[in-house]
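S.K.: Turn this into a model:
(2 chains)
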Amino acid sequence: SQQGEEDPQALSIQEGENATMNCSYKTSINNLQWYRQNSGRGLVHLILIRSNEREKHSGRLRVTLDTSKKSSSLLITASRAADTASYFCVPYGGATNKLIFGTGTLLAVQP
Amino acid sequence: SQTIHQWPATLVQPVGSPLSLECTVEGTSNPNLYWYRQAAGRGLQLLFYSVGIGQISSEVPQNLSASRPQDRQFILSSKKLLLSDSGFYLCAWSGLNSNQPQHFGDGTRLSIL
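M.R.: Residues are numbered from 1 along each chain as shown, chains lettered A, B, ... in the order given. Purely as a prediction, here's the structure:
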């Protein structure tokens, strides 16, 4: 299992703006998952993108995956104050049942 | 639909006291189960995971242990808590398929005094 590295570590934007968070990883993957964690709460799964997929959408979320660059990005469009949370990317290699979480990107959306 | 229950939500314990945190899953069978700990402002550290009843894998040496007495029940325990055991403990489950995400409980905030 490997850990994704999110960038930036922290991001502050105004409500209505778009937020882009990036993720890099080191070895080949089976899929890559994005999670959100509101302060003091458990994590919520947002999107899973398989290694043979390049882009995936879910509501205001858009995830891209570039396996040649070993990178992924999460775009939140028209952000809201409720999007304020930490966002984690988790690359999954498939060899074990484990996910390894990094420190995430802390997104603050100012009303 | 599947749900995961974790309790208690908060817990304050003295150093040296025992610990038991419980996690149960409903609406699924044979889940993989996980215990994580999160220090303030940090990422999640995987503590234990289980692929079946009585099957526990420990990720880091520590003062904690885990048990899975039933298919959908996962328990985190300690005989004597240390100050360093303070943190936010999260339980999660996933399906057996490697393309399935993990689903988390609401966590237990544990403070050791």
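S.K.: Okay, and the beta partners of the residue of chain B found nearest chain A?
M.R.: At 3.5 Å from chain A, B:Phe104 is the closest residue in chain B, using C-beta to the nearest C-beta. The way it works is simple: take the backbone N, C-alpha and C, and place the C-beta from them, glycine included. Residues in a beta bridge with B:Phe104, per DSSP bridges, are B:Ala92.
S.K.: That one contacts A:Asn38, doesn't it?
M.R.: No - if you go by C-beta atoms under 8 Å, B:Phe104 and A:Asn38 don't touch, sitting 11.3 Å apart.
S.K.: tell me which parts of chain B are close to chain A?
M.R.: B:6, B:32, B:34, B:36, B:42-44, B:46, B:49, B:51, B:59, B:88, B:90, B:92, B:94, B:98-107, B:109 (C-beta under 8 Å from any C-beta of the partner chain).
S.K.: If we use 6 Å, what do you get?
M.R.: B:Asn32, B:Gly43, B:Leu44, B:Leu90, B:Ser98, B:Asn99, B:Pro101, B:Phe104, B:Gly105, B:Asp106, B:Gly107 (C-beta under 6 Å from any C-beta of the partner chain).
S.K.: Of all those, the one with the weakest confidence?
M.R.: In terms of pLDDT, B:Ser98 ranks lowest among the residues of chain B next to chain A, with 66.
S.K.: pLDDT weak spots in chain A?
M.R.: A:1 (pLDDT under 70).
S.K.: Whichever residue of it sits closest to chain B - how many residues pack around it?
M.R.: Of all residues in chain A, A:Gly42 sits closest to chain B, at 3.5 Å by C-beta to the nearest C-beta. Residues near A:Gly42, counting by other C-beta atoms under 10 Å in any protein chain shown, number 20.
S.K.: That one contacts B:Asp106, doesn't it?
M.R.: Yes - between A:Gly42 and B:Asp106 there is a contact under C-beta atoms under 6 Å: 4.9 Å.
S.K.: Which helix or which strand is home to the residue nearest the centre of chain B?
M.R.: Nearest residue to the geometric centre of chain B (C-alpha atoms, centre = their mean): B:Trp35, 3.0 Å. Using DSSP states H and E, B:Trp35 maps to strand B:32-38.
S.K.: picking that back up, of B:Phe104 and A:Asn38, who's got more company?
M.R.: Set B:Phe104 next to A:Asn38 and count neighbours by other C-beta under 10 Å: B:Phe104 wins out with 22 against 13.
S.K.: burial of the closest residue to B:Glu26 other than its chain neighbours, as a residue count?
M.R.: Nearest residue to B:Glu26 in three dimensions, chain neighbours excluded: B:Thr3, at 4.9 Å (C-beta to C-beta, 6 or more residues apart in numbering or on different chains). The tally of other residues near B:Thr3 (other C-beta under 10 Å) stands at 12.
S.K.: Please apply the same query to B:Gln55.
M.R.: Neighbours of B:Gln55 (other C-beta under 10 Å): 11.
S.K.: Roughly how far does it sit from A:Asn97?
M.R.: For B:Gln55, the distance to A:Asn97 (C-beta to C-beta, to the nearest Å) stands at 11 Å.
S.K.: name the helices or strands packed onto the strand holding B:Trp35?
M.R.: strand B:44-52, strand B:87-94 (3 or more C-beta pairs under 6 Å, 6 or more residues apart in numbering or on different chains; DSSP states H and E).
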